[in-house]
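Chemist: Can you look at this prediction? I've put the sequence above it.
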Amino acid sequence: MDPSSDHDLSLLWSQVGQDSKISGGSDLISQRYTRFRYALLFYQSLLGLCHGKVPKRIHYKTQSQMMHLLKLNSAESWKNAQRTASRCHVWVKLVDSVYPFLGNMSTVILCAINYKSSAVECMNIEDTTEMCEEIVRRLADKANGTLDSLETAYDMYRILIENSLPEYTLQIEKTPGSLDFKRMMNIKEMKKQCLLPAKGETKKIKRRRLS
């Protein structure tokens, strides 16, 4: 297995362990993305070690290899990592369900769920299936604009999870009102949407007010 996978999985597990300190807002979206990545890489690693099929009872050798990847040193911590991956896997199912509509932008669906993350992760199989099917139905209905809105929001979503907000003021930071969603979320037009006037523009504005 690639050494980077070893590093990534242990790092993700460390980050997932800090989730209790995260309250909401953009941190909530980052939290969901981290938990999605943790579950995805956990099961990819486990499938690789089990040659494509995970048995009900994991062999001790496989457990030891996974503990090495996660940098764990006790059976209890391994059980905790397993339980967490199982709970977080709901985000993987959710992203997979919308892939036919959103393709490589599918993880943007993580910011479109208005339930608490803990409530989503506690859903049983039936509730999870129902939630995914309802979202798929909404995406399939082009008339309601859900798919279009998610595609428009993708660039802003990436900026939030990568913690790379630009220094200039964004259109979305304006007072809420009749702002156009597409313009508000469009990263390519952000510089045109700055609230602060560019150099030399202040004098022009004053002259217009006086005339």
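Modeler: Yep, that arrived.

Chemist: Now for the spatially most central residue of the chain: which residues touch it?
Modeler: In the chain, the centroid-proximal residue (Cα atoms, centre = their mean) is residue 33; its distance is 3.1 Å. Listed by Cβ atoms under 8 Å, 6 or more residues apart in numbering, the contact partners of residue 33 are 107, 110, 161. C-beta: built from backbone N, CA, C; applies to glycine.

Chemist: Throw these into CSV and include distance to residue 92, secondary structure and neighbour count, thanks.
Modeler: CSV is the format used below for the contacts of residue 33 (distance: Cβ to Cβ, whole Å; DSSP: H, G, I helix; E, B strand; the rest coil; neighbours: other Cβ atoms under 10 Å):
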residue, distance to residue 92, secondary structure, neighbour count
107, 10, helix, 22
110, 11, helix, 22
161, 16, helix, 20
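
Chemist: Now that residue 34 has come up, it's in contact with residue 11, right?
Modeler: No: using Cβ atoms under 8 Å, residue 34 is not in contact with residue 11, being 9.7 Å away.

Chemist: Settle it for me: which of those two has more neighbours?
Modeler: Neighbours were counted for residue 34 and for residue 11 using other Cβ atoms under 10 Å; residue 34 has more, 21 against 16.

Chemist: Kindly format the C-alpha coordinates of the helix or strand where the more buried one lies as PDB.
Modeler: Assigned by DSSP states H and E, residue 34 belongs to helix 26-49. This file holds the C-alpha atoms of helix 26-49, laid out as PDB (Å, rounded to 0.1, in the frame of the first residue of the first chain):
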ATOM      1  CA  SER A  26     -18.000  26.400   7.500                       C
ATOM      2  CA  ASP A  27     -16.400  24.100  10.100                       C
ATOM      3  CA  LEU A  28     -19.500  21.800  10.000                       C
ATOM      4  CA  ILE A  29     -18.900  21.400   6.200                       C
ATOM      5  CA  SER A  30     -15.200  20.600   6.700                       C
ATOM      6  CA  GLN A  31     -16.100  18.200   9.500                       C
ATOM      7  CA  ARG A  32     -18.500  16.300   7.200                       C
ATOM      8  CA  TYR A  33     -15.900  16.200   4.400                       C
ATOM      9  CA  THR A  34     -13.200  14.900   6.800                       C
ATOM     10  CA  ARG A  35     -15.600  12.200   8.100                       C
ATOM     11  CA  PHE A  36     -16.500  11.300   4.500                       C
ATOM     12  CA  ARG A  37     -12.800  10.900   3.600                       C
ATOM     13  CA  TYR A  38     -12.000   8.900   6.700                       C
ATOM     14  CA  ALA A  39     -14.800   6.400   6.100                       C
ATOM     15  CA  LEU A  40     -13.900   6.200   2.400                       C
ATOM     16  CA  LEU A  41     -10.200   5.600   3.000                       C
ATOM     17  CA  PHE A  42     -10.900   3.200   6.000                       C
ATOM     18  CA  TYR A  43     -13.000   0.900   3.900                       C
ATOM     19  CA  GLN A  44     -10.700   1.200   0.800                       C
ATOM     20  CA  SER A  45      -7.800   0.100   3.000                       C
ATOM     21  CA  LEU A  46      -9.700  -2.700   4.600                       C
ATOM     22  CA  LEU A  47     -11.000  -4.000   1.200                       C
ATOM     23  CA  GLY A  48      -7.400  -3.900  -0.100                       C
ATOM     24  CA  LEU A  49      -6.100  -6.000   2.800                       C
END
